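Student: Need a 3D model of the following:
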Amino acid sequence: MLDVRRLHLLRELDRRGTIAAVAEALTFTASAVSQQLGVLEREAGVPLLERSGRRVVLTPAGRSLVAHADAVLQRLELAVAELAGARDGIGGPLRIGTFPSGGHTIVPATLAELAQRHPALEPMVQEIDSARVSDGLRAGELDVALVHDYDFVPASPDTTVDEVPLLEEPMYLVTDTAPRKSSRSDTLAKLLGPYAEAPWITARDGTTGHAMAVRACQAAGFQPRIRHQVNDFRTVLALAATGQGAGLVPEMATAQSPDGVVLTKLPLFRRSKVAFRAGGGTHPAIAAFVAAASAAVRCMTGSGLDEQTSTPRTGVRRTDSAP
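Tutor: A predicted model of the protein is given here:
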């Protein structure tokens, strides 16, 4: 009979690409991972792996088994969720991942809601880039996470993760100089083009935010000259306000813009979601987090975020150019 834990290792090898990466993610030694995969091959009775230079790749039989592993592990998540639902009350640790701007907007209100409704729950928050969330969920480092994707950087399909939509928000160009007069039908090329020679402020290389900014500029017809790389949108706003460059920030990050900032709405959007392991959506703690996060976003967009961003503070100029 095939061992579920070894199926998990095979699936991680398919996702991560090397035995060393699997070992590091799951806190095993590389030799232990190799040994367990060898046992799985003997259980399967057919070759699952083959050497390709210095790498190990899955055979067609191995890739087929990974698809079955996805289904098996999803059913186990459903079983765990059902057993948790049979217990009285919701409690215990809940490991939450978040991107930085979600960490200082959505997360605090979500945790306050959880504390009121489920005081026995023990939320544990860590910042993580959205591109790494699925790895963290599969490895068991996270139970649930806030994630996002952007126009130009759509999320890759992942059968190991389920998602619930939370919020779609426009992106803004942030500068310290007034843009030329614009209209609601302006394209990215017209809105970003005047800043083709300016220095740019982006997220760190390898993040979805960095890829979004670079691809948006490329779509506008130029390669951005990146001066600063920071992952916190509040820092992007502060740097732009002092003339350090142009940047792109989502609407949620503009609520407390510093004086001197000019915000120009773009025909570009970010979508925030709650992610969890496939099959885990009915787990009481996960469902409670989704409900609390949804309530937090409704409050922000219904009575908080919109009011704060529609009327800028003194010294903040805002132009609406989105269609």
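Student: all helices for the stretch 201-323 of the chain, in order.
Tutor: For the stretch 201-323 of the chain, applying DSSP state H, counting those that start in this stretch gives helices covering 208-219, 233-241, 284-299, 305-310.
Student: mind listing what Val144 touches?
Tutor: Leu94, Arg95, Ile96, Gly97, Val274, Ala275, Phe276, Gly280, Ala285, Ile286, Phe289, Val290 (Cβ atoms under 8 Å, 6 or more residues apart in numbering). Every residue, glycine included, has its C-beta placed from N, CA and C.
Student: That one - nearest residue in space that isn't next to it in sequence?
Tutor: Phe276 (4.7 Å; Cβ to Cβ, 6 or more residues apart in numbering).
Student: residues touching that neighbour, list them.
Tutor: Leu137, Asp143, Val144, Ala145, Val161, Asp162, Glu163, His283, Ile286.
Student: Quick check: bridge partners of it?
Tutor: Beta bridges link Phe276 to Val144, Asp162, judged by DSSP bridges.
Student: Could you check the pLDDT of it?
Tutor: Here the pLDDT value assigned to Phe276 is 97.
Student: repeat for Leu266
Tutor: So, for Leu266, pLDDT stands at 95.
Student: residues in contact with the residue lying closest to it once chain neighbours are set aside?
Tutor: Distances taken as Cβ to Cβ, 6+ apart put Met171 closest to Leu266, at 4.9 Å, once the chain neighbours are dropped. Each residue near Met171 by Cβ under 8 Å, 6+ apart is listed here: Tyr150, Asp151, Met212, Ala216, Leu248, Val249, Pro250, Glu251, Leu266, Leu268, Phe269, Arg270.
Student: at 7 Å instead, please
Tutor: Leu248, Val249, Pro250, Leu266, Leu268, Phe269, Arg270 (Cβ atoms under 7 Å, 6 or more residues apart in numbering).
Student: can you give me how far the helix or strand it falls within is from the chain middle?
Tutor: Secondary structure assignment for Met171, by DSSP states H and E: strand 161-175. Relative to its chain's centre, strand 161-175 lies at 10 Å (Cα atoms, centre = their mean, to the nearest Å).
Student: And the very next helix or strand once past it, what's buried?
Tutor: As assigned by DSSP H and E, the chain's next helix or strand after strand 161-175 is helix 188-192. For helix 188-192, a neighbour-count test (16 or more other Cβ atoms under 10 Å) marks Leu188, Leu191, Leu192 as buried.
Student: Looking at the contacts of Met171, which two lie furthest apart in space?
Tutor: Using Cβ to Cβ, those span at most 12.6 Å, a distance reached by Val249 and Phe269.
Student: Of the two, give the one with the bigger neighbour count.
Tutor: Each of Val249 and Phe269 has its neighbours counted (other Cβ atoms under 10 Å); Val249 has more, 24 against 15.
Student: thinking again about what came up before, closest to Met300 out of the contacts of Met171?
Tutor: The shortest approach to Met300 among those belongs to Pro250, at 12.3 Å (Cβ to Cβ).
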